[in-house]
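Asker: when you get a sec, could you give me coordinates for this:
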Amino acid sequence: MDNSQRKLAFSILEFLQQSVATGQIPASSTEGIEIAVDCIGEAFGVDINDDQQRSELSISPATLPQVFDVYLKTQEKMAKKTSATSADAPSGEPSTSADAGISNQDQTRANELKAAGNQALAAKEYDEAIRLYGEAISLDARNPIYFANRAAAYSQRGDYSEAVDDANRALEIDPKYSKAYSRLAHAYFGLKQYDLAVKAYDKGLELDPSNANMKSAREVAQQRLADSEATSSDQVADAGSSARGGPGGMDFSSLLNNPGLMNMASQMMSNGGLANLMNNPAMRQMAEGMMGGGQGGSGGNSSDPLASLMGNPQLQQMAQQFMGGASGRNNASSDSSSGGNPLGELANNPQLRQMAEQFMRNQGGSNGDS
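Answerer: Numbering: from 1, shown residues only. Down below sits the predicted model:
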């Protein structure tokens with residue numbers, strides 16, 4: 001028999017004998033203790049009354065209660081130290097499932113499945129990795145690592161919404177698991193929700209401020225956020241500009257609501273005049289003159305750009321041809337001031353005149369400030 005076991009048995013016998021001698025055990029129980037001493041001594045081959053054994057096996061001057069008390073105090077200190085270490089542990093390491101009622105066998109198998117999932121993920125076998133992590137979760141659904149790892153696999157496969165769900169599940173289990181915030185941020189980045197990605201990275205860095213990879217990823221997400229906000233602002237500005245007017249500041253929405261212009265355009269569309277207008281060399285020459293700073297080919301620098309434009313004989317002739325002479329006759333009979341010019345009604349429209357003046361100023365048609 002091991003000598004350490006005999007020492008322990010001898011110490012127990014000493015303890016029982018001392019308890020009887022000091023009266024810690026009632027007199028009515030003394031006989032039972034004496035029987036116990038004999039049985040223990042016989043079982044372990046020790047004799048408390050043997051001086052030679054006493055010199056070999058006794059731990060005197062220490063006693064068994066003293067040794068046990070030291071053990072209890074040591075255990076208490078160790079428990080406090082372990083608790084403090086757990087509280088101060090790096091947040092990148094999540095809490096385990098030891099207290100979640102999971103059997104050791106299930107934990108072992110779940111860890112094996114996780115390891116296999118990690119290998120599949122490294123080999124870019126994302127479907128297999130997701131399957132293996134899922135099996136690990138089925139055995140141990142309280143381990144945040146499994147959810148965070150599956151979130152990484154989902155992101156690599158492009159399933160960012162599923163990755164967001166798994167990362168959030170990991171954080172529900174352990175809110176201090178910084179890697180879960182990193183997985184969440186990466187998934188938001190994939191969804192182009194850069195503002196949420198930056199927030200997730202910020203929370204992760206609060207828990208793990210020295211994580212260089214997370215810092216770098218946050219910078220990229222912040223830049224993408226700034227770029228997307230700038231693009232959105234430009235689009236809003238462009239939309240507003242288009243709504244206000246086209247080139248030269250003309251309000252084409254108002255222009256297209258002008259009854260006279262729409263009537264002329266309708267007739268031009270019905271008789272093929274628009275196609276002829278676009279192919280007419282004279283019209284092209286007149287347009288080039290307008291854009292180059294002239295007054296529609298009319299010559300001179302009229303203070304009334306619309307009147308000058310409408311007075312262009314080439315445009316009048318084309319309008320009469322495209323309108324089939326109808327507009328000219330109607331205008332001549334209804335408004336002598338138009339002089340048979342089918343564009344006279346439009347020339348006298350105040351809204352169109354104002355837009356034309358603004359257009360000619362912006363295009364260099366009038367002699368403004370140089």
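Asker: got the buried residues for stretch 46-65?
Answerer: Taking 16 or more other C-beta atoms under 10 Å as the basis for neighbour counts, the residues of stretch 46-65 that come out buried are V46, D47, I48, Q53, L57, S58, L64. To be clear about C-beta, it is placed using only N, CA and C from the backbone, and glycine gets the same treatment.
Asker: stretch 123-135 now?
Answerer: Using 16+ other C-beta under 10 Å as the burial criterion, the residues of stretch 123-135 that qualify are Y126, E128, A129, I130, R131, L132, Y133, E135.
Asker: cool, and stretch 112-124?
Answerer: Residues of stretch 112-124 classed as buried: L113, K114, A116, G117, N118, A120, L121 (neighbour count, 16+ other C-beta under 10 Å).
Asker: stretch 207-225 too?
Answerer: The neighbour-count criterion (16+ other C-beta under 10 Å) identifies L207, D208, N211, M214, A217, R218, A221, Q222, R224, L225 as the buried residues of stretch 207-225.
Asker: those residues in strands, which ones?
Answerer: With DSSP state E as the criterion, strands contain none of the buried residues of stretch 207-225.
Asker: tell me the two of these that are most distant?
Answerer: Using C-beta to C-beta, the two most remote members of those are L207 and R224, lying 22.9 Å apart.
Asker: what sits closest to L13 if chain neighbours are left out?
Answerer: With C-beta to C-beta, 6 or more residues apart in numbering as the measure, I48 is the residue that lies nearest to L13, at 4.4 Å, once sequence neighbours are left out.
Asker: by mean pLDDT, which helix or strand of this structure comes out lowest?
Answerer: Lowest by mean pLDDT, DSSP states H and E among the helices and strands of the chain is helix 326-334, with a mean of 43.
Asker: ok so, going back, save the buried residues of stretch 112-124 as a markdown table, and put in secondary structure, distance to M1 and pLDDT too.
Answerer: Formatted as a markdown table, the entries for the buried residues of stretch 112-124 read as follows, by DSSP: H, G, I helix; E, B strand; the rest coil; distance: C-beta to C-beta, whole Å; pLDDT from 0 to 100:
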| residue | secondary structure | distance to M1 | pLDDT |
| --- | --- | --- | --- |
| L113 | helix | 45 | 96 |
| K114 | helix | 45 | 95 |
| A116 | helix | 47 | 96 |
| G117 | helix | 50 | 96 |
| N118 | helix | 49 | 96 |
| A120 | helix | 53 | 95 |
| L121 | helix | 54 | 95 |
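Asker: re the thing from before, nearest to E172, of the buried residues of stretch 123-135?
Answerer: Distances from E172 to the buried residues of stretch 123-135, taken as C-beta to C-beta, are shortest for Y133 (16.6 Å).
Asker: ok, that closest one to F68 distance?
Answerer: Computed with C-beta to C-beta, to the nearest Å, the distance linking Y133 and F68 is 47 Å.
Asker: now do L205
Answerer: Applying C-beta to C-beta, the value for L205 to F68 is 48 Å.
Asker: looking at these two, which one has more neighbours?
Answerer: Taking neighbours as other C-beta atoms under 10 Å, L205 and F68 compare with L205 leading, 19 against 12.
Asker: residues in contact with V164?
Answerer: When the contact criterion is C-beta atoms under 8 Å, 6 or more residues apart in numbering, the partners of V164 are A151, L184, A187, Y188, L191.
Asker: what's the answer for Y146, then?
Answerer: Residues in contact with Y146 (C-beta under 8 Å, 6+ apart) are A110, K114, Y133, A136, I137, D140.
Asker: of all the residues you listed, which two lie farthest apart?
Answerer: In terms of C-beta to C-beta, the contacts of Y146 reach their longest pairwise distance at Y133 and D140, which sit 11.1 Å apart.
Asker: now the helices for the stretch 1-150 of the chain?
Answerer: Applying DSSP state H, counting those that start in this stretch to the stretch 1-150 of the chain gives helices spanning 3-21, 30-44, 51-57, 64-88, 104-122, 126-139, 144-157.
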